[in-house]
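> Generate coordinates for the sequence data below:
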Amino acid sequence: MKQKLATQLNAINEYEREPIPQSKLKGLKSFVGMYAGEHIAGTEFVIGPLFVVHGVSAPDLFLGLLVGNLLAVLSWAFLCAPIAVKVRLTLYYQLEKICGRYLVTGYNIVNALMFCFLAGSMIAVAATAAGIPFDIAMPGLTDWYPNSLSWVITVLLVGLVITLIAILGYEQISRFANVCAPWMILIFVAAAFAVMPQLGITSFSSFWEVAQTRIWTGVPMEGFSKFTFWHVTFFAWFANMAMHIGMGDLSILRYAKKWQYGFASTTGMFIGHVMAWISSGILCAAAGGEIPPGPIAYNSVGIAGAICVMIAGWTTANPTIYRAGLAIQSIMPSVKRWKVTLIVGLVTTIAAMFPALVMKLLDFVALYGLVLMPMGAIIFIDFYVIPKLGLTRNYASEAKIKFNIAAGVTWLSTLALCLFLNFYQGIDIFFLGLPGWFIAAALYIVLSKLYQRKAVEEPQLRVSAKSF
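This next block holds a predicted model:
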């Protein structure tokens, strides 16, 4: 039986190092469900409350969410999706063709670790709900380490289930998200409406007054910095910067029949982020500023709320672990993806045991996007600009080199500059992604012209702009 299971898992083909065949392309419904499932997530039960404790005012929150999430949808649709459907390669193989195997190996390790930590926060969120029937003590705002053996065991069990689903591949992940997403939407909305009377909201007309005076008051809790419209806008836009501007979703959207399916991210941004962050903020205010997602959902709508938190964690962690598995598998192409994903799932589950990962989620998500963003700029410039300059697209592959110095210097220099601005100039990390992208794009153009000067003089290395 063990041999039969291994044979079945080995037969799962995710086309890690070749374009997706036409017969495997997915329709719009798959992406609508996947984006809704991934972004109506367990982490939304954390992010919404963090806006409350950081003292965002009600006008700043609503306007910032509208602008930021619209920019995120446009980034998926116009930056990531068109490249994804033309090359139909994973992010990691596409980067290998541009950057070379040595450089992309370093990038993939960083990428996979970031995905592991992000998925770990989602497993931790799901665990706060799974532990409710057993009366497990939940980690608090200031906890950095596991606070009980019961918490550790709960996280292990939840992580195992999520990892098993991720091993089954994109098709099963998409199917799981499509089934769960509509129900989760209803629970989020129902939970918010259920606690509104506790806050004094008894009619539509009273909502705005209570929102400004008892929920998003504009006054941060002690120990938390003050957030403004700009914080909300840039966080909403760049919460998934690694996926759209950073091109992480090349691995997902390569299955799309049309580039316009990038607009399917609307379900994740406006039903997921906008609706879920507002709803969870209301739940946080009703709970007196408490953050653990499982208990605040359970106290609002009972067992349905707890189940929603648990499944929301699953539907987000599943594709995240899947992406991390692809990143590591690209380093070790001879090892089957399911084996790599199993190891990634174990690492992720261990990370989930540390509650600080959840409590510092806003800062981590911003840092995670910043670290991966320069490579997205490199892919964009390599695809659209490099051929027009008479330079070689996919230079590492064409020149048969294992380290593209232009790409490596661009990545590290951009990160160093952004971190310098954050640590020494005091510029908030939320605001560095946009200028960082343009810095990386400009650097890669200049460095490529210098680095490929010899190649430009050798016509045999040139690649037509119509390579794809």
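> contact partners of stretch 370-379?
Identification of contacts with stretch 370-379 by CB atoms under 8 Å, 6 or more residues apart in numbering yields 79-80, 83, 91, 94-95, 98-99, 107, 110-111, 114, 241-242, 244-248, 250, 407, 410-411, 414-415, 418, 429, 432-433, 436-438, 440-441, 444. To be clear about C-beta, it is placed using only N, CA and C from the backbone, and glycine gets the same treatment.
> In ChimeraX, how would I select just the buried ones from the residues you listed?
Applying 16 or more other CB atoms under 10 Å to the contacts of stretch 370-379, the buried members can be selected in ChimeraX as follows:
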select :79,80,83,91,94,95,98,99,107,110,111,114,241,242,244,245,246,247,248,250,407,410,411,414,415,418,429,432,433,436,437,440,441,444
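> Mind checking which of the contacts of stretch 370-379 are in helices?
In this view, the contacts of stretch 370-379 that belong to helices under DSSP state H are 83, 91, 94-95, 98-99, 107, 110-111, 114, 250, 407, 410-411, 414-415, 418, 433, 436-438, 440-441, 444.
> Quote the end-to-end distance of stretch 285-304.
Taking CA to CA, to the nearest Å, stretch 285-304 runs 20 Å from one end to the other.
> Just want the phi and psi numbers for A256.
Note on A256: backbone dihedrals following degrees, to the nearest 10 are phi -70, psi 140.
> If you drop the residues flanking it in sequence, what lies closest to it?
Nearest residue to A256, sequence neighbours excluded (CB to CB, 6 or more residues apart in numbering): V85, at 5.5 Å.
> who's in contact with that neighbour?
With contacts defined as CB under 8 Å, 6+ apart, the neighbours of V85 are L253, R254, A256, K257, K258, W259.
> What subset of those is buried?
In terms of neighbour count (16+ other CB under 10 Å), the buried residues within those are L253, R254, A256, W259.
> Can you tell me how far the first one is from D428?
Meaning L253. Counting by CB to CB, to the nearest Å, the gap from L253 to D428 is 30 Å.
> Show me where the stretch 201-350 of the chain dips below the pLDDT cut-off.
Applying pLDDT under 70 to the stretch 201-350 of the chain flags the ranges 289-292.
> Now do the helices in it.
Along the stretch 201-350 of the chain, the stretches classed as helices by DSSP state H, counting those that start in this stretch are 204-210, 229-238, 250-253, 265-266, 275-286, 293-301, 303-331, 337-352.
> right, and Y93 touches A327 too?
No - the pair Y93 / A327 is not scored as a contact, 10.6 Å apart, by CB atoms under 8 Å.
> about what we covered before: hmm, which two among the buried ones among the contacts of V85 are most spread apart?
R254 and W259 (11.0 Å; CB to CB).
> which residues do these two both contact?
A84, V85.
> picking that back up, the more surrounded of Y93 and A327?
Higher neighbour count among Y93 and A327: A327, with 29 against 22, using other CB atoms under 10 Å.
> could you list every residue that touches the more buried one?
Applying CB under 8 Å, 6+ apart, we find A327 in contact with L91, Y92, N108, I109, N111, A112, F115.
> now F207
Counted by CB under 8 Å, 6+ apart, F207 has contacts M196, I201.
> can we see that at 10 Å?
By CB atoms under 10 Å, 6 or more residues apart in numbering, the contact list for F207 reads A58, M196, L199, G200, I201, I215, I282.
> how far away is it from H273?
Counting by CB to CB, the gap from F207 to H273 is 20 Å.
> Could you do L89 as well?
Separation of L89 from H273 (CB to CB): 28 Å.
> do T316 as well
For T316 relative to H273 (CB to CB), the value is 12 Å.
> who has more neighbours, the two?
Neighbours were counted for T316 and for H273 using other CB under 10 Å; T316 has more, 29 against 24.
> hang on, isn't the more buried one packed against F115?
No - checked against CB atoms under 10 Å, the pair T316 and F115 is beyond contact range at 11.4 Å.
> thinking again about what came up before, most neighbours out of the contacts of A327, which is it?
Neighbour max across the contacts of A327 (other CB under 10 Å) = L91, 32 neighbours.
> who touches it in this structure?
So L91 contacts 80, 83-84, 104, 107-108, 111, 242-243, 246-252, 254, 323, 326-327, 330, 372, 375-376, 379 (CB under 10 Å, 6+ apart).
> give me the low-pLDDT residue ranges for the stretch 51-200 of the chain?
Looking at the stretch 51-200 of the chain by pLDDT under 70, you get 138-143, 169-181.
> Double-check A77 against Y261; I have them as touching.
Yes - assessed by CB under 10 Å, A77 is found in contact with Y261 at 8.6 Å.
> Mind checking which of those two has more residues around it?
Higher neighbour count among A77 and Y261: Y261, with 26 against 20, using other CB under 10 Å.
> Can you tell me the closest non-neighbouring residue to that one?
Take Y261 and drop its neighbours on the chain: the residue closest to it by CB to CB, 6+ apart is F31, 4.8 Å away.
> L66 now?
The shortest distance from L66 to any residue other than its chain neighbours is 7.3 Å, reached at V274 (CB to CB, 6+ apart).
> same question, F229
Leaving out its chain neighbours, the residue that sits closest to F229 by CB to CB, 6+ apart is D60, at 4.0 Å.
> Throw the helices of the stretch 201-350 of the chain into CSV and include distance to V155, thanks.
As requested, the helices of the stretch 201-350 of the chain are exported to CSV (distance: least, CB to CB, whole Å):
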stretch, distance to V155
helix 204-210, 36
helix 229-238, 26
helix 250-253, 26
helix 265-266, 29
helix 275-286, 21
helix 293-301, 12
helix 303-331, 11
helix 337-352, 5
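> Just give me the residue right at the centre of the protein.
In the chain, the centroid-proximal residue (CA atoms, centre = their mean) is N240; its distance is 4.7 Å.
> how long is stretch 49-63 from one end to the other?
In stretch 49-63, first residue to last residue: 17 Å (CA to CA).
> buried set for it?
49-58, 60-62.
> Please apply the same query to stretch 206-215.
F207, V210, A211, I215.
> Also stretch 335-348?
Buried residues in stretch 335-348, counted by 16+ other CB under 10 Å: K336, R337, W338, K339, V340, T341, L342, V344, G345, V347, T348.
> Could I get those residues in a markdown table, plus columns for distance to E44?
Converted to a markdown table, those look like this (distance: CB to CB, whole Å):
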| residue | distance to E44 |
| --- | --- |
| K336 | 33 |
| R337 | 28 |
| W338 | 29 |
| K339 | 32 |
| V340 | 28 |
| T341 | 24 |
| L342 | 27 |
| V344 | 23 |
| G345 | 22 |
| V347 | 24 |
| T348 | 19 |
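> This completes my enquiry, with thanks.
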